[in-house]
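**Student:** what would the 3D arrangement of this be:
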Amino acid sequence: MNLLFIIFRDVMMLATFILAVMLENAKGERLVQMIVLFSLFLLWMHLRELFQEKAEKILAYTFLLDAVLLAFLDASSKFVVNYYFNIYYFFVLISAGFLLKQKQRLLLSFVIIAVAFIKYYRLIEAKTVYNLPFVVSYIFFTLMVFVTVSIFFNYSRLLSEEKSRLNKLNEDLQRVNRLLEEKNERIKELTIFEERNRIAREIHDSVGHNLTGLIMNLDFCEKLAGIEPQKAGAQIAACRDIAKECLTEIRRSVKALKPQAVEQLPLVKAVEELIHESKQKFNLKTGLKIEGEIYKTKPEFNIVIYRAIQESITNAIRHGKASEIDVTIAFGKPNFSVLIRDNGEGSKKIKLGSGLSGMVERVRELKGEVNFFTNNGFMTSILIPMGVAESE
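**Tutor:** This next block holds a predicted model:
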């Protein structure tokens, strides 16, 4: 409760009590009784306000003692009705409006008003009443004042609670908005990071593949230059085509586009073209075997498989010095599988460079697995669930 209100209430209650005692002309034992009851009432109000948080569960019941003390204070008056004491009931109603919840406030308001009007019942029964209609009209007027005060403070408190609730909701909404903004920033950062890695893998796989062929062809040209210049010229023209293709792939990667073969062709057709191009570029003996009933696969899945085969061919030539490469694609159920085998030098210890790491990452994103073997050359095995591969 507001400190200024408490000070104002205490001053008003003390002033009205002094006026009530003067009106009563109370002396002796009755004066002591009135002072004790008033002091207990004032002390009780302060104790409740001091310990309201600890006594939250029984707070509504504490107001019953207010009603009892005020009833005794009314009874201590030598008059049937001491109107100064009515202000105390108002302050109890106001305190209830500040401290209690809506249902508790309404119920207590009825109780306090009922206790406040006990004395008026005694007034009607008193034999000293000569003008009963006037008394009844006065009682009705007082009742309306009590009800008005009760409704006003209950409604004011209700508005205050609603405002607090809306403020809390607004704070929660602002907090959620801040969290969403942070999440969006984080998602943006992750998206940029993933896209950067994807483009890096694209450049490594496609451009690296073509540059390997370009280097081999240039080496071959160097050997032919002094022996068969005409053939060397043809090979230089092929090198020019490979260089142009490298440039095209770099532009595609920078623009974050998918490779044209996978973008426009079914997986099997795209792989067939890759095998044929590799055969021409690297002078390889290649083989492609398709097993199972071919089903339509998703574009993003096609990219992963295409790049994995491309990376395997590049590694077989660059590191394994292979002359033969065989690719087996199995459209199986429940798993789709790819096996790439070469007759190269193999490796005693497999080290995952950027190319193989990128391949593993892409396959794992599709809930698949990649295994590498080095018996009699190098072999790459890819296994991906059919549900991930198959297009609807």
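**Student:** check contacts around the closest residue in space to T374 that isn't next to it in sequence.
**Tutor:** Spatially, and ignoring its direct neighbours in sequence, T374 is nearest to G346 (4.1 Å; C-beta to C-beta, 6 or more residues apart in numbering). Any C-beta I mention is one placed from the backbone N, CA and C, and that applies to glycine too. Residues in contact with G346, defined by C-beta atoms under 8 Å, 6 or more residues apart in numbering, are G320, T374, N375, N376, G377, F378.
**Student:** tell me how far the residue nearest to L352 when sequence neighbours are not counted lies from E194.
**Tutor:** Excluding the flanking residues, the one nearest L352 by C-beta to C-beta, 6+ apart is V360, at 6.8 Å. Per C-beta to C-beta, to the nearest Å, V360 is found 15 Å from E194.
**Student:** next: E324.
**Tutor:** Distance from E324 to E194, counting by C-beta to C-beta: 36 Å.
**Student:** those two - which one has more neighbours?
**Tutor:** Using other C-beta atoms under 10 Å as the criterion, E324 and E194 rank with E324 on top: 14 against 11.
**Student:** partners of the more buried one in the sheet?
**Tutor:** Beta-bridge pairing of E324 under DSSP bridges involves K285.
**Student:** wait, it sits on F282?
**Tutor:** No: checked against C-beta atoms under 8 Å, the pair E324 and F282 is beyond contact range at 10.9 Å.
**Student:** re earlier: number of residues surrounding the residue nearest to L352?
**Tutor:** V360 has 18 nearby residues by other C-beta under 10 Å.
**Student:** sec struct for it, please.
**Tutor:** Judged by DSSP: H, G, I helix; E, B strand; the rest coil, the three-state class of V360 is helix.
**Student:** same check, this time on G346
**Tutor:** Assigned state for G346: coil (three-state reduction, three-state DSSP).
**Student:** phi, psi of it?
**Tutor:** The phi/psi pair for G346 (degrees, to the nearest 10) reads phi 70, psi -160.
**Student:** in stretch 331-339, which residues are buried?
**Tutor:** Residues of stretch 331-339 classed as buried: F331, N335, F336, S337, V338, L339 (neighbour count, 16 or more other C-beta atoms under 10 Å).
**Student:** and that stretch, what's its mean pLDDT?
**Tutor:** Average pLDDT, stretch 331-339: 92.
**Student:** what of stretch 27-45?
**Tutor:** For stretch 27-45, the per-residue pLDDT averages 90.
**Student:** convert that stretch to PDB, retaining C-alpha atoms only.
**Tutor:** The C-alpha trace of stretch 27-45 is given here as PDB (Å, rounded to 0.1, in the frame of the first residue of the first chain):
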ATOM      1  CA  LYS A  27     -14.800   9.300  30.900                       C
ATOM      2  CA  GLY A  28     -13.300   6.700  33.200                       C
ATOM      3  CA  GLU A  29     -13.700   3.000  32.300                       C
ATOM      4  CA  ARG A  30     -15.700   3.600  29.100                       C
ATOM      5  CA  LEU A  31     -13.000   6.000  27.800                       C
ATOM      6  CA  VAL A  32     -10.300   3.400  28.600                       C
ATOM      7  CA  GLN A  33     -12.400   0.800  26.800                       C
ATOM      8  CA  MET A  34     -12.800   2.900  23.700                       C
ATOM      9  CA  ILE A  35      -9.000   3.800  23.600                       C
ATOM     10  CA  VAL A  36      -8.000   0.200  23.900                       C
ATOM     11  CA  LEU A  37     -10.400  -1.000  21.100                       C
ATOM     12  CA  PHE A  38      -9.300   1.800  18.800                       C
ATOM     13  CA  SER A  39      -5.600   1.200  19.500                       C
ATOM     14  CA  LEU A  40      -6.000  -2.600  18.900                       C
ATOM     15  CA  PHE A  41      -7.800  -1.800  15.700                       C
ATOM     16  CA  LEU A  42      -5.100   0.600  14.400                       C
ATOM     17  CA  LEU A  43      -2.300  -1.700  15.500                       C
ATOM     18  CA  TRP A  44      -4.000  -4.700  13.800                       C
ATOM     19  CA  MET A  45      -4.200  -2.900  10.500                       C
END
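**Student:** buried set for it?
**Tutor:** Residues of stretch 27-45 classed as buried by neighbour count (16+ other C-beta under 10 Å): M34, L37, F38, F41, L42, W44, M45.
**Student:** please list the residues outside that stretch that contact it.
**Tutor:** Residues from elsewhere that reach stretch 27-45, judged by C-beta under 8 Å, 6+ apart: 10, 13, 17, 20-21, 24, 26, 62, 65-66, 69-70, 72-73, 76, 78, 88, 91, 95.
**Student:** and that stretch, how far out from the chain middle?
**Tutor:** Relative to the mean C-alpha coordinate of its chain, stretch 27-45 is positioned 59 Å out (C-alpha atoms, centre = their mean, to the nearest Å).
**Student:** need the buried residues of stretch 331-339 in CSV with secondary structure and distance to D172, can you?
**Tutor:** Formatted as CSV, the buried residues of stretch 331-339 follow (DSSP: H, G, I helix; E, B strand; the rest coil; distance: C-beta to C-beta, whole Å):
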residue, secondary structure, distance to D172
F331, strand, 52
N335, strand, 47
F336, strand, 47
S337, strand, 51
V338, strand, 51
L339, strand, 56
